[in-house]
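Chemist: sequence unknown, structure follows:
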């Protein structure tokens, strides 16, 4: 079919460069069941906060597309399913993840992995702030309770220090300067953008 997504090749693929706080495309995982048995398929990312296995996926059967809401799909012989992969970076560093596809059925266990890589394409003001963030991140992550150091772009660019628990924010605030090289700091409860699927 002409409207089928282009499959990610096996091995390694580069995602399109991502703008700040934007999602970009990495391609689509296509899983074929070429066995004579029905198989259960799941597709997971080693870094689900930044390399997202999207939903809904879809299953292609004889020209009709059925959408899935999770990864509990059973592929019958001859069926294949699509799962698009997106990159949503939380920092400007180059990132990578492993996308793992597992298929299981009667007497069948198969696994395939694909490495996806992503880079960020920030405008000059954010690129400058990202360099400052990168310089101070190792020091900040030594503070108990700090799990993330990211940029926050509202009216001004701020360095957002993510706390593992809201109760830790006052203690972290006492240890973190009000600014780094002109960029104001803020301490918030960290929550990664990820999806958990019951498999």
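Modeler: Done, it's in. Just so it is clear, the structure is predicted and the values come from calculations on it, not from any experiment.
Chemist: surely residue 176 touches residue 183?
Modeler: No - the pair residue 176 / residue 183 is not scored as a contact, 11.9 Å apart, by Cβ atoms under 8 Å. C-betas here are computed from N, CA, C, even on glycine.
Chemist: who has more neighbours out of the two?
Modeler: Neighbours per residue (other Cβ atoms under 10 Å) separate residue 176 from residue 183, with residue 176 holding more: 20 against 17.
Chemist: report pLDDT for that one.
Modeler: Model confidence at residue 176, given as pLDDT, is 95.
Chemist: what's near enough to touch it?
Modeler: By Cβ atoms under 8 Å, 6 or more residues apart in numbering, the contact set of residue 176 is 140, 143, 161, 185, 187.
Chemist: please pull out the lowest mean pLDDT helix or strand from this protein.
Modeler: strand 64-68 (a mean of 44; mean pLDDT, DSSP states H and E).
Chemist: and the following helix or strand past that one, what does it pack against?
Modeler: Using DSSP states H and E, the helix or strand that directly follows strand 64-68 along the chain is strand 74-75. Packing partners of strand 74-75 (3 or more Cβ pairs under 8 Å, 6 or more residues apart in numbering; DSSP states H and E): strand 39-45.
Chemist: name every strand pairing with the helix or strand just after the strand it packs on and say which way it goes.
Modeler: Going down the chain from strand 39-45, the next helix or strand is strand 51-53, by DSSP H and E. Within its sheet, strand 51-53 is paired with strand 80-87 (antiparallel), according to DSSP bridges.
Chemist: which secondary structure elements does the following helix or strand past the strand it pairs with contact?
Modeler: Scanning forward in sequence from strand 80-87 by DSSP H and E, the next helix or strand is strand 95-105. Counting contacts by 3+ Cβ pairs under 8 Å, 6+ apart, strand 95-105 is packed against strand 24-32, strand 39-45, strand 51-53, strand 108-118.
Chemist: kindly reformat those strands as a markdown table and extend each row with mean pLDDT and distance to residue 13.
Modeler: Formatted as a markdown table, the helices and strands packed on strand 95-105 follow (pLDDT from 0 to 100; distance: least, Cβ to Cβ, whole Å):
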| stretch | mean pLDDT | distance to residue 13 |
| --- | --- | --- |
| strand 24-32 | 81 | 6 |
| strand 39-45 | 84 | 13 |
| strand 51-53 | 83 | 11 |
| strand 108-118 | 88 | 6 |
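Chemist: could you pull out the buried residues of stretch 11-27?
Modeler: 13, 15, 18, 20, 23, 24, 26, 27 (16 or more other Cβ atoms under 10 Å).
Chemist: state the pair within the contacts of residue 176 that is farthest apart.
Modeler: The largest separation in these, counting by Cβ to Cβ, is between 143 and 185 at 11.7 Å.
Chemist: comparing those two, which residue is more hemmed in?
Modeler: Neighbours per residue (other Cβ under 10 Å) separate residue 143 from residue 185, with residue 185 holding more: 19 against 15.
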